[in-house]
Each structure stands twice: as C-alpha cells, then as structure tokens.
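Peer 1: I would like to see how this sequence folds:
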Amino acid sequence: MSAGLRRKGLYFMGWWALPVDIGTTSVAAVVRQRGRIEVVEFAGRQTLPSTVFCPDGQPPLAGLPVAEQAVSEPGRTVLSPKRALADSDTVTVGGAALPLAEVYAALLTAVVREAARGRMHARPRRLILTYPAGWEDRQLAVLCRAAHDAGLPAPALVAEPVAVAWQLAADSRPGQFVAILDVGGGSIDAAVLRRTREGFELAGPPGSLPLPAGDAPEPALRRGTYEFLATISSAGLTPDQLAAVHVTGGGSRAPGIADLILQVLGVRPHLASGPEAATVRGAATAALGQPARQVSGRRIPRRTTPAAAGAAPPQDPESPSRRLQCLVPGMAKRSFSVAALAAAAVAVSLLVLITLLTGAPSLYR
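Peer 2: Predicted structure coming up:
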C-alpha cells in the first residue's frame, strides 16, 4: 500500500497529530488533521497556564480550574515545570521529591483532553514536543517518559528555535542565516540558524536570559537584546550578515521592542503575528511537513516540505532538530503494535470495500 493511500486511510479514520510547546509560564498546542492546523483553545484562550497542582497521595493535575485551585495551596503547586527541569529531574512538593515526568504528564493529559473534544479518537496518532536548544538528553528523556506516562505515542522532539524558523523563515534560501529572539514569560532566548537544503541548523551556541519574577519589562528587554547581539557574535556573524531577524513569544508584543532591537543591532526585526503559537505551528511543519492551505475554498498545492527536501530532523544527537527515540520500557513495543494494528485495520477496510464493489452486481441477480 502506498504512503499516500495509508495517509488517506488514516485521515478517513479520524487520526490526528498533536504538536505541543510547554513553555515556562504557559502551554500552547495545535492539532494537525487532514492537512490543516487548528490552535487548541482552553476556555477561549490560546494558552494554558503551565501550573500543576500536586494533591497529597494523588497524581498531579493541570488545567484552568486546577490553576485557580493551586493558588490556595502554593506548597503543593509547581508553577513552572520547565524551569525546574533545567536543574533536576525531580521537584520537591510537600516535603517529598516528585518526578517531573509525572508533572509534565499532567500537562500533556490536560492538553489532550481539550484537543480531543469533538474528535473520533481520544488520543493523537502522533505527538510532537518542543524543547529549548540548550537542553541535553537528561531533560529530553523526561519528556519521553512523560508522554509514556500520559498514555501517548513516543514523541518527535523539535528544538524551539528550529520550530520558530520553520514558521517564520521557511522562505529563506540555503546558506542564509536567520536570527530568532523568543521573548517568553520566564526567559528571553536567542539563536542564530543556518538555512540548509534539509532545513535549519544552529550556527552557534544559543543564548538564554532567565527573567526573575517581578523583573521590570523595559530593563529586561534591553538586557535580552544585548544577549541577542552576543549570540549573533558567538556565531561569528554581525547583524548585517543576517537574512532576517524574527521576534516571537508573548513578550514580543511589548511596546517599543522593534525600535530597541533596531537601536542595538542596526537591523529592523520582523515581529511574529500570533506569537504565542508560532513555535508550536513551526513544530508541526518541522515534524510533519507544510500543511495544505485553503484559499477561497480551493486547495493550494503544498509548498516544499522538510520531508520532500530530505529534511526530516537529523539523527545526530547534537543536532538542534533531532528526534530522540524514546527507549522507555515497553514503549517501542507498544508503538510498533499500534502501528501494525492501524495498518492492518486500513488494509482490512480496503479489502472489504473492494469485495463489496466487485461483488455488488451479484446482489441484484
């Protein structure tokens, strides 16, 4: 059976993919189904607080009602699992160490619950998770364990700046350099990427400036802009050698940020529209290819995709767009079994359909 026929069969059966971006203060997600991307909403909002409440003797909980409940019991609340994971695989709650994989699993469960509303299947066929470019295998293994604990497929992992580049700089040409400044709620992250025929790769070490709670926005943005300049210099480049400078993240809406970057870098940046979902939308493209679009009811042919250009994220463990094979006990075997069952179901459905069509005349003899 051809790959195209398998894809059509899966779409017909209602399968969907779920890219998720778990940030320092909020979580964003989209659903990719039938070639379209739909932003997951949480009670009318495009993001979910990354707060997780950990009741005594029960699994951690996440979601909008939980975030409100957590205010009354701060000692049993993890405000930012992402910040905690930077330092350790566990977090102290109520005097005891709690694996952060369980905390992340609660966030994934809350996202899937909202993403699955009105869909045939309660779980996504594919899961894509983003991560900071500076993370190592230790943190990525926690993401994989969290997906397993939440009953989800082994995830494809895409570095955040690579995801953003696929969303905002996909039209750049091979050999060009683009710079990404991600102004989030808990940090300002900077990266310079080189466009290749296969996709994007880091041109130098990424930069990151943590933002302490209560930090004044204007001084923080100024420090972040100088961190951005240092990151560009670390890549052996000057701002005028960049094809484009893109700014994303919820903080990119701050007044005067474009003028500040122009003042420090001498280059006017492009501000992302819909910055909260830019990373997760780009992750969908990086892992699944460019979706088809709808214009005036007509389907527009797909543009060049990572897969079509040979740009599936490389397997080099040091690559920023790597996909880590999640070797959690039982996960690989389960993923293979699910894939085999799905393929068999499609084959049986087609066989029954062909039999009915070819045997239809005999019903009227």
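
Peer 1: every contact and neighbour count from this point should use C-alpha atoms.
Peer 2: Fine.

Peer 1: what is the rounded mean pLDDT of stretch 27-38?
Peer 2: Stretch 27-38 shows a mean pLDDT of 94.

Peer 1: scratch that, stretch 159-176 is what I was asking about
Peer 2: pLDDT averaged over stretch 159-176 gives 97.

Peer 1: just the endpoints, please. Distance across that stretch?
Peer 2: End-to-end distance for stretch 159-176, by Cα to Cα, to the nearest Å: 19 Å.

Peer 1: one more: stretch 183-202?
Peer 2: One end of stretch 183-202 to the other measures 18 Å (Cα to Cα).

Peer 1: buried residues, that stretch. List them.
Peer 2: For stretch 183-202, the buried set under the neighbour-count rule, 16 or more other Cα atoms under 10 Å, comprises 183-196, 198-202.

Peer 1: residue 237 and residue 265: what is the separation?
Peer 2: In terms of Cα to Cα, residue 237 sits 12 Å off from residue 265.

Peer 1: same deal with residue 252?
Peer 2: Distance from residue 252 to residue 265, counting by Cα to Cα: 16 Å.

Peer 1: ok, residue 82 next?
Peer 2: 30 Å.

Peer 1: neighbour-wise, which of these two wins?
Peer 2: Neighbours per residue (other Cα atoms under 10 Å) separate residue 82 from residue 265, with residue 82 holding more: 22 against 19.

Peer 1: helices and strands around the helix or strand hosting the more buried one, which ones?
Peer 2: If you go by DSSP states H and E, residue 82 is part of helix 81-85. Contacts defined by 3 or more Cα pairs under 8 Å, 6 or more residues apart in numbering; DSSP states H and E place helix 81-85 against helix 100-115.

Peer 1: could you rerun that using 10 Å?
Peer 2: With contacts defined as 3 or more Cα pairs under 10 Å, 6 or more residues apart in numbering; DSSP states H and E, helix 81-85 has these neighbours: strand 90-93, helix 100-115, helix 137-149.

Peer 1: quick one: the second one to helix 137-149, angle?
Peer 2: Which is helix 100-115. Helix 100-115 and helix 137-149 are oriented at 50 degrees to each other (axes from the mean of the first three to the mean of the last three Cα atoms, to 10 degrees).

Peer 1: next secondary structure element downstream of helix 100-115?
Peer 2: strand 126-131.

Peer 1: how about the helices and strands packed on helix 81-85, which one is nearest residue 207?
Peer 2: For the helices and strands packed on helix 81-85, proximity to residue 207 was assessed by Cα to Cα; helix 137-149 is nearest, at 17.7 Å.

Peer 1: and the gap between residue 174 and residue 68?
Peer 2: Distance of residue 174 to residue 68, given as Cα to Cα: 47 Å.

Peer 1: with residue 56 instead?
Peer 2: Per Cα to Cα, residue 56 is found 17 Å from residue 68.

Peer 1: and these two? Which one has more around it.
Peer 2: Taking other Cα under 10 Å, residue 56 and residue 68 do not tie; residue 68 has more neighbours (13 against 10).

Peer 1: ok so the more buried one is a strand residue?
Peer 2: No: assigned with DSSP: H, G, I helix; E, B strand; the rest coil, residue 68 falls outside any strand and is helix.

Peer 1: you'd agree it is up against residue 50?
Peer 2: No: the criterion here is Cα atoms under 10 Å, and residue 68 misses it with residue 50 at 11.9 Å.

Peer 1: least trustworthy helix or strand in this structure by mean pLDDT?
Peer 2: Across the helices and strands of the chain, mean pLDDT, DSSP states H and E gives its lowest value to strand 298-300, namely a mean of 27.

Peer 1: ok, residue 89 - contacts?
Peer 2: By Cα atoms under 10 Å, 6 or more residues apart in numbering, the residues touching residue 89 are 81, 97, 98, 99, 100, 101, 138, 139, 141, 142.

Peer 1: what's the pLDDT at it?
Peer 2: 97.

Peer 1: now swap in the one 4 residues further on and tell me
Peer 2: Among the per-residue scores, residue 93 holds a pLDDT of 95.

Peer 1: gap between it and residue 79?
Peer 2: 11 Å.

Peer 1: between these two, who's got more neighbours?
Peer 2: Neighbours per residue, other Cα under 10 Å: of residue 93 and residue 79, the larger number sits with residue 79, 20 against 17.

Peer 1: thinking again about what came up before, and for residue 237 and residue 265, which residues touch both?
Peer 2: residue 229.

Peer 1: so of the buried residues of stretch 183-202, which ones are in strands?
Peer 2: Within the buried residues of stretch 183-202, residues falling in strands by DSSP state E are 183, 187-195, 200-202.
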